[in-house]
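[1] Prediction below, plus the sequence it came from.
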Amino acid sequence: MFRNIPTLPELSAAVVTGGSSGLGEAFIGLLGRVAPRVAVCNLSRRPIAEKARAAFHAAPHHVPCDLADPDSLARGAEAVAGWLAASAPTGPILLVNNAGLGAFGRFPGEDPARQLAIIDVNVRAVVDLTGRLLPVLRARGGGILNVASVVAYQPTPYAAVYGASKAFLLSWSLALREELRGSGLRVVACCPGTTATGFFDAAGLGRLPGAAMGAEAVARFALRAWARDQPHAVPGLHNRLLTWAGSCLPRAASAWVAGLVLRRRAGPSLP
Ligand SMILES: NC(=O)c1ccc[n+]([C@@H]2O[C@H](COP(=O)([O-])OP(=O)(O)OC[C@H]3O[C@@H](n4cnc5c(N)ncnc54)[C@H](OP(=O)(O)O)[C@@H]3O)[C@@H](O)[C@H]2O)c1
């Protein structure tokens, strides 16, 4: 059933964060094409893009939620639990922690609140939502797919808070995986490199830094990594080479090189 995505368990439902654009939209669109019977629920501020909804048997559900706001997240998680009970009451569930944002430039930049929003959405919301949904995941099986980044593997000057948030996510994901060993739940971190979405515009970089992969290719790779139960996976050979090269250097040297590369790639658009 899952063309090019081997041995996915028969999912009953998928809960995706940030399905209104970019990679999240690609995850939902792909699930619609390869598993149209899976019930899908999205949490984000804006609704799911129309074209991602097309292939499903039952239209994906949207829970409006500001993940940076703990009260909104608590209400959103409750709405998801209610939706699961009503729309997909049995069978394995996949939770895709995808929503995220970044900021480029020298810390703290002109908008310190955005730096804190990065921590709220990329870190706190992932931990909070996962904790709230873990009991139902444990009861029904399935697992978690965390969308981290290649920047999780090294310090990233000029995106310092964003890089640290993704390093947290990768470390936490691997640790949670061990805690859940034997539970039947898969916990996988996907660590994409530059992907062609609105992410860099939103983060204030203005243009893509370097060669970008398409969002659908990244989503497909990520679902395949989850299906194969890979602890963490980097899509794209060039991204794998970069993370490998970075890991060969002492951490301080790797931070220096990353700063140099980002300054060069961003050029005058780096604030
Ligand atoms: N693009 C890349 O090069 C790249 C590389 C590595 C990793 N990633 C990661 O991939 C993930 C998806 O990013 P993308 O590239 O698809 O960027 P994007 O197109 O900007 O999408 C970001 C998504 O996150 C959601 N989001 C942001 N803040 C939110 C909030 N406060 N509450 C609820 N939802 C929120 C947005 O939904 P609303 O605005 O509707 O709320 C949107 O759907 C992120 O975790 C990002 O760090 C991206």
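    Thanks, I have the structure now. Numbers count the residues shown, from 1 in each chain.
[2] Residue 225 and residue 234 touch, don't they?
    No. Counting by CB atoms under 8 Å, residue 234 is not a contact partner of residue 225; they are 9.2 Å apart. Any C-beta I mention is one placed from the backbone N, CA and C, and that applies to glycine too.
[3] out of those two, which sits in the busier spot?
    residue 234 (25 against 22; other CB atoms under 10 Å).
[4] got the contact list for that one?
    Contacts for residue 234 (CB atoms under 8 Å, 6 or more residues apart in numbering) come out as 150, 190, 191, 192, 193, 240, 243.
[5] give the contact list for the fourth one.
    The reference is to residue 192. 23, 147, 149, 150, 213, 218, 222, 234, 235, 236, 239.
[6] Tell me how far it lies from residue 92.
    As for residue 192, its distance to residue 92 is 24 Å (criterion: CB to CB, to the nearest Å).
[7] now the first one
    From residue 150 across to residue 92, the span is 29 Å (CB to CB).
[8] Please, where are all the strands along this structure?
    13-17, 39-44, 61-64, 93-97, 142-147, 185-190, 232-233 (DSSP state E).
[9] Residues contacting the shortest one, please?
    What that stands for is strand 232-233. 148, 170, 173, 174, 188, 189, 190, 191, 221, 222, 225.
[10] Any figure for the gap between the fifth one and residue 94?
    So that's residue 188. 10 Å.
[11] Which one of these two is surrounded by more residues?
    Per other CB under 10 Å, whichever of residue 188 and residue 94 has more neighbours is residue 94, with 27 against 22.
[12] which residues does the residue nearest to that one when sequence neighbours are not counted bridge with?
    With sequence-adjacent residues excluded and distances taken as CB to CB, 6 or more residues apart in numbering, residue 94 is closest to residue 14, at 4.5 Å. Residue 14 has these beta-bridge partners by DSSP bridges: residue 40, residue 94.
[13] got the contact list for residue 14?
    Listed by CB under 8 Å, 6+ apart, the contact partners of residue 14 are 27, 31, 38, 39, 40, 41, 93, 94, 95, 96.
[14] Repeat the analysis, applying 10 Å as the threshold.
    27-28, 31, 35, 38-42, 60, 88, 92-96, 142, 145, 223 (CB atoms under 10 Å, 6 or more residues apart in numbering).
[15] likewise residue 177?
    Shown in contact with residue 177 (CB under 10 Å, 6+ apart): 143, 144, 146, 185, 186, 187, 188, 189, 229, 231, 232.
[16] now for those, which pair is the farthest apart?
    185 and 232 (15.8 Å; CB to CB).
[17] isn't residue 226 right next to residue 143, touching?
    Yes. Contact between residue 226 and residue 143 holds when scored by CB atoms under 10 Å: they sit 6.9 Å apart.
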